[in-house]
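Participant: Predicted model follows, preceded by the sequence.
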Amino acid sequence: MTERRILLVDDQETVLDAVSFRLTLRGYTVATARDVVTAQEVLANQIIHLAVIDLCLKDRTFQNDTSGFLVAQALPSSIPCIIYTAYANDETARRAFEEVKARAVIAKQSSTASEELVAAVDRVFAQDVPVNFALTIQSTVDFAHLAQQLAVAASPGSRVPDAADLRALCQQLFPAALQVDLAPLFPAEAAAEQGQSGAQLLQAQELRRHGKAAPVIVKLGPRDELMDEAERCRLLQPYIGGQRLARLERLAVVRQIAGLVYSLVDSHDGQALGTLTDLLRRQDDTRVVSDLLRDFFQQTLGEIHQAVRSVPLALGEHYTTALHLSVSKLNAALQGLAPHWLTQRDLRLGDLVACAAALAEQRVINPVLWAFPAGSLRREEAVVRPVTLCHGDLHTRNILVDEGGQFWLIDFARVAESHALRDFAELESDIKFRVLAELSRPERLALEMALLAPTHWDDLYSPQRLTAPLEHWRQVITTVRTLVVEQLRLTGDLRDYYEALFWHTLNLVRLRTVDPQGKEDALLCAALLAQRLEQWPGGHLASELEGHLSNLPPISGESRWQRFWRTMLGI
């Protein structure tokens, strides 16, 4: 797209015709509007580079009519404006420059108004319109298909993006490039599971006058979501240091979609990028994985965890709000999957997974009814707990890894102050249900029971041993928990961590990116987590089963509550 497009807003038809004629002769493409509503419709439906706005759009005989400022205030930051008014005075100019960052104020009554306006338009296009009209785009991505993928995430009633939007975004995102080469960041199958918002990730390389620039990551998605992500990214970036920084370089907005450019500090040209998901699936050396996780947390998030503070927090309310989890969303997900989870108070373990006869008869709590008894969130008092700034979406697909083992954290859409255990619980849940999506149900039960055995942060390794490769994964996940202790310096019991895991696990049931098998696995593990939380001191199951402990021979090295858990599941 090489057209230079202007929105001209004026309530007088004669002005629209005369100014449009002059600007068209100058080579510009002009869209016109006579009122605020029409102007906003043009902005929503056409690609615009500059706006020329009259102030009096309701009553031109009334000097205090400044409704044109409403149009100017609604402009994205990438669209500069010129105020063209019959009421040009010191106060109008002050408001224009200070409130809407106008690039010029032109008085209509001037004898040279038309020439001044055309000159101002030429100057603003040359200096302030952040569009690379000469950019050549080489892409292995079909823009029409990519626009369709982005359209899935468009809000109801909004304009559907098209290939022209994507070309216009590239012209803004790469202002200094002669050419940009675009390619998918991940293979199609990996891209499909990358996120839930509908945003798309590309890898881009610019050709500039002095040669090729280092590759960058481009994220495309809904306008409001990416603008919000840019703000959240700025919150987190001062804390992310060293060589593991994905730095936000540019934001561009075109109609209903936006684009972000992230540079990967210290990345090496030519090294293929993958995700931590890929690395974990192919790397079976526990020490290598544990060392990488430790390096990642220390170098990427370590400084954030030094700023932990304590505030009253009710975990159920906190996590359901942060994860956008509700009983209505769970009900909708379960109606076609497993409706009995909506009514049965507890379930026989043998009905959920093939297991030994003695274990099969044990009952487990229905996690949906445990979380939402009587259709509303379970009541809980706020307790003083650690909070800090969190990434908020710390899964293995948001950690990029290159061939040399370097890593970068991306996707800052959910950065916020939150429960300090949130990122760790999210990462553990992602490893268990995304990386280990192919585990059989009995394997998942064995791994989850081993992971639920510890009760205190200073005793994270349970005495039970698992067969390979489950033992590898138990040690990897235990490394994540060990990092909680190292990063947050926690002591005491694990109850809050198990509850954080519970909400992340239950949340998987309502996500469209999780298949039915994965949702059923999540329900099983959520049931075990709810059972574990209920047996904690103070839970009614703890009191009910306390007497059974004296009848069970202890295992060497087993804590009282590991023994309790063994009692509960009859093993």
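Facilitator: Noted; the coordinates are in hand.
Participant: Can you pull up the most central residue in the protein?
Facilitator: Central residue of the chain (Cα atoms, centre = their mean): Ala413, 3.5 Å from the mean position.
Participant: Go ahead and list the helix or strand containing the closest residue in space to it that isn't next to it in sequence.
Facilitator: Counting by Cβ to Cβ, 6 or more residues apart in numbering, Ala413 lies nearest to Glu229, which is 4.2 Å off, once chain neighbours are set aside. Just so you know, the C-beta spots here come from the backbone N, C-alpha and C atoms, and that holds for glycine as well. Assigned by DSSP states H and E, Glu229 belongs to helix 223-236.
Participant: Just the terminal-to-terminal distance for stretch 486-499.
Facilitator: 20 Å (Cα to Cα, to the nearest Å).
Participant: Please apply the same query to stretch 365-377.
Facilitator: For stretch 365-377, the end-to-end distance is 16 Å (Cα to Cα).
Participant: Now do it: distance to the chain's middle.
Facilitator: Relative to its chain's centre, stretch 365-377 lies at 27 Å (Cα atoms, centre = their mean, to the nearest Å).
Participant: contacting residues for Leu466?
Facilitator: Leu466 is in contact with 446-447, 450, 474, counting by Cβ atoms under 8 Å, 6 or more residues apart in numbering.
Participant: Let me have those in TSV, extended by secondary structure, distance to Val368 and pLDDT.
Facilitator: Converted to TSV, the contacts of Leu466 look like this (DSSP: H, G, I helix; E, B strand; the rest coil; distance: Cβ to Cβ, whole Å; pLDDT from 0 to 100):
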residue	secondary structure	distance to Val368	pLDDT
Ala446	helix	24	90
Leu447	helix	22	93
Ala450	helix	25	90
Arg474	helix	27	95
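Participant: Ala168: which of the residues you listed is nearest?
Facilitator: Leu447 (48.8 Å; Cβ to Cβ).
Participant: For the closest one, grab the count of nearby residues.
Facilitator: Residues near Leu447, counting by other Cβ atoms under 10 Å, number 20.
Participant: Start the count at 23 instead of 1 going forward.
Facilitator: All set: I'll call the first residue 23, so the last point we hit is now Leu469.
Participant: Could you tell me how many residues sit around the spatially closest residue to it that is not a sequence neighbour?
Facilitator: Leaving aside its sequence neighbours, Leu469 sits nearest to Leu492 (Cβ to Cβ, 6+ apart; 5.1 Å). Neighbour count for Leu492, taken as other Cβ under 10 Å: 17.
Participant: what does stretch 129-145 contact?
Facilitator: With Cβ under 8 Å, 6+ apart, stretch 129-145 has contacts from 28, 37, 40-41, 44-45, 48, 50, 72, 74, 104, 106-108, 110, 125-126, 128.
Participant: Can you give the distance from the strand or helix carrying Leu545 to the centre of its chain?
Facilitator: Applying DSSP H and E as the criterion places Leu545 in helix 538-556. Centroid separation for helix 538-556 versus its chain: 24 Å, with Cα atoms, centre = their mean.
Participant: how about Val58, what does it touch?
Facilitator: Contacts of Val58 by Cβ under 8 Å, 6+ apart are 79, 89-90, 92-93.
Participant: cutoff 6 Å now
Facilitator: 79, 89, 92-93 (Cβ atoms under 6 Å, 6 or more residues apart in numbering).
Participant: so what's the backbone phi/psi at it?
Facilitator: phi -60, psi -50 (degrees, to the nearest 10).
Participant: now Val202
Facilitator: Dihedral angles for Val202 - degrees, to the nearest 10 - are phi -130, psi 130.
Participant: where do the helices sit along the stretch 473-593 of the chain?
Facilitator: With helices called from DSSP state H, counting those that start in this stretch, the stretch 473-593 of the chain shows them at 492-510, 517-529, 538-556, 562-567, 582-591.
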